[in-house]
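S.K.: Quick one: sequence and predicted model below, then my questions.
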Amino acid sequence: MDNKPYDIGVICGRFQTFHIGHESLVDTALKLCDRVLILVGSAQECGTERNPLNIDTRIRMLREVYGNDNKFIIKGLSDLTDENDIRPEWGRYLLDNVDRYIYKKPEVMIYGNDESRSRWFDPNDIKDVTEVIVNRSRIPISATAVRGFMVKDDRREWQTWVNPRLHKMYNEIRDELMSVPYYAALRNEHKS
């Protein structure tokens, strides 16, 4: 180990699809922590506008980028009720799941400044947890935009915003995305 300040950091996201903005969160965690627990949210849902990709595809994307290195723990996390349920009960649910995988509270949680993760928690539940907020404005991309490039079948632009290790998965990810009626309709609008 490299004598990093923390043993383990936690990142939670839907990764629909995994892009270089998400990767910056993981890179930050790796600078600070010996290990990283990545929870892939909305694990129970796929085939919808906000969650088009299934959990297996999303975990495979992460594994494609990070391999099977034991410093990464990658697990699916189903929503407590729905993905807009932001309240202390959700935070406790997330922390209970973290404990399930690492047998303790996280030492540090890493998330982007475009997210309001601190609203997920009762302050008492995370009083011993460091929160690291990564400024995502220097990487102006979102998963919505990345999906938009796939709808337009703009492979070159898509490749600009995802790790090169994912480039070989383009057709597979795009096919899954286009199987969702919402995205198929967008594609047809774009062709018109």
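M.R.: Everything's here; your move.

S.K.: Please work out how many residues are found near His190.
M.R.: 12 (other Cβ atoms under 10 Å). (C-beta placed from N, C-alpha, C; glycine too.)

S.K.: so which helix or strand takes in it?
M.R.: If you go by DSSP states H and E, His190 is part of helix 181-191.

S.K.: That helix packs against which elements?
M.R.: helix 143-151, helix 170-178 (3 or more Cβ pairs under 8 Å, 6 or more residues apart in numbering; DSSP states H and E).

S.K.: Would you format those as CSV with distance to Tyr111, mean pLDDT and mean neighbour count included?
M.R.: Output for the helices and strands packed on helix 181-191, formatted as CSV (distance: least, Cβ to Cβ, whole Å; pLDDT from 0 to 100; neighbours: other Cβ atoms under 10 Å):
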stretch, distance to Tyr111, mean pLDDT, mean neighbour count
helix 143-151, 14, 97, 19
helix 170-178, 24, 98, 17
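
S.K.: Redo those as a markdown table? Include distance to Lys31.
M.R.: A markdown table is the format used below for these (distance: least, Cβ to Cβ, whole Å):
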| stretch | distance to Lys31 |
| --- | --- |
| helix 143-151 | 23 |
| helix 170-178 | 28 |
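
S.K.: List the buried residues for the lengthiest helix in the chain?
M.R.: Secondary structure of the chain per DSSP state H: the longest helix is helix 88-102. Buried residues in helix 88-102, counted by 16 or more other Cβ atoms under 10 Å: 90-91, 93-95, 97-98, 101-102.

S.K.: ditto for stretch 54-74
M.R.: 54-55, 57-62, 65-66, 72, 74.

S.K.: tilt between the helix or strand of the chain with the lowest mean pLDDT and helix 143-151?
M.R.: Among the helical and strand segments of the chain, the one scoring lowest on mean pLDDT, DSSP states H and E is helix 181-191, with a mean of 89. Angle, helix 181-191 to helix 143-151, by axes from the mean of the first three to the mean of the last three Cα atoms, to 10 degrees: 60 degrees.

S.K.: Let the chain start at 751 from now.
M.R.: I'll keep to 751 as the first residue from here, and by that count the last item is helix 931-941.

S.K.: Off-centre distance for helix 931-941?
M.R.: Relative to its chain's centre, helix 931-941 lies at 25 Å (Cα atoms, centre = their mean, to the nearest Å).

S.K.: Same question for stretch 828-836.
M.R.: 15 Å.

S.K.: That stretch: which residues count as buried?
M.R.: Buried-residue list, stretch 828-836, by 16+ other Cβ under 10 Å: Asp829.

S.K.: For that stretch, which outside residues touch it?
M.R.: Stretch 828-836 has contacts (Cβ atoms under 8 Å, 6 or more residues apart in numbering) with 764, 791-795, 800-801, 839-840, 843, 866, 869-870.
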